[in-house]
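Enquirer: one predicted model, sequence on top.
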Amino acid sequence: MATRKITITVPEELVESIRERVDSRGVSAYIAAAAAHQDAMDRLRDLANRLEEEHGAVTTGEQQAALDRIAAIDAWHDEHRPASDEAA
């Protein structure tokens with residue numbers, strides 16, 4: 001992926017907090033990852049808004065059904081996780 005150097009303004013306390021966790025070369029990667037995450041969340045919100053405009057709001061029942069399905073998938077993965085993962 002091509003990269004571009006830009007200048008941003010970030011609160012000093014935030015920069016220091018990030019530097020405590022990463023070396024100086026990792027700050028850019030850390031901020032790029034945060035920006036990529038925010039971009040993905042913004043795109044997901046845009047998609048949700050378009051779907052809501054087209055199909056109507058998600059009902060409480062539909063939302064609960066989705067959460068139940070996610071919980072079932074998580075439980076299945078927990079049951080089928082190899083024993084080596086449990087020791088880690």
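Expert: Yes, it's here.

Enquirer: how about the CA coordinates for stretch 78-86, as CSV?
Expert: Provided in CSV are the C-alpha atoms of stretch 78-86 (Å, rounded to 0.1, in the frame of the first residue of the first chain):
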residue,chain,number,x,y,z
ASP,A,78,-15.1,-21.9,22.3
GLU,A,79,-16.2,-25.6,22.2
HIS,A,80,-14.0,-26.3,19.1
ARG,A,81,-10.9,-24.4,20.1
PRO,A,82,-7.9,-26.7,20.1
ALA,A,83,-6.4,-27.5,23.6
SER,A,84,-3.2,-25.7,22.6
ASP,A,85,-5.1,-22.3,22.5
GLU,A,86,-6.3,-22.8,26.1
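
Enquirer: determine how far stretch 52-63 lies from the middle of the whole chain.
Expert: 22 Å (C-alpha atoms, centre = their mean, to the nearest Å).

Enquirer: what average pLDDT does it get?
Expert: The average pLDDT within stretch 52-63 is 96.

Enquirer: put the alpha carbons of it into CSV.
Expert: The C-alpha coordinates for stretch 52-63 follow below in CSV (Å, rounded to 0.1, in the frame of the first residue of the first chain):
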residue,chain,number,x,y,z
GLU,A,52,-32.0,1.8,7.4
GLU,A,53,-33.3,4.3,4.9
GLU,A,54,-34.0,1.5,2.4
HIS,A,55,-35.4,-1.2,4.8
GLY,A,56,-36.4,0.7,8.0
ALA,A,57,-35.0,0.7,11.4
VAL,A,58,-33.8,-2.6,13.0
THR,A,59,-36.3,-3.8,15.5
THR,A,60,-35.4,-4.8,19.1
GLY,A,61,-36.2,-8.4,18.2
GLU,A,62,-34.0,-8.3,15.1
GLN,A,63,-31.1,-6.8,17.1
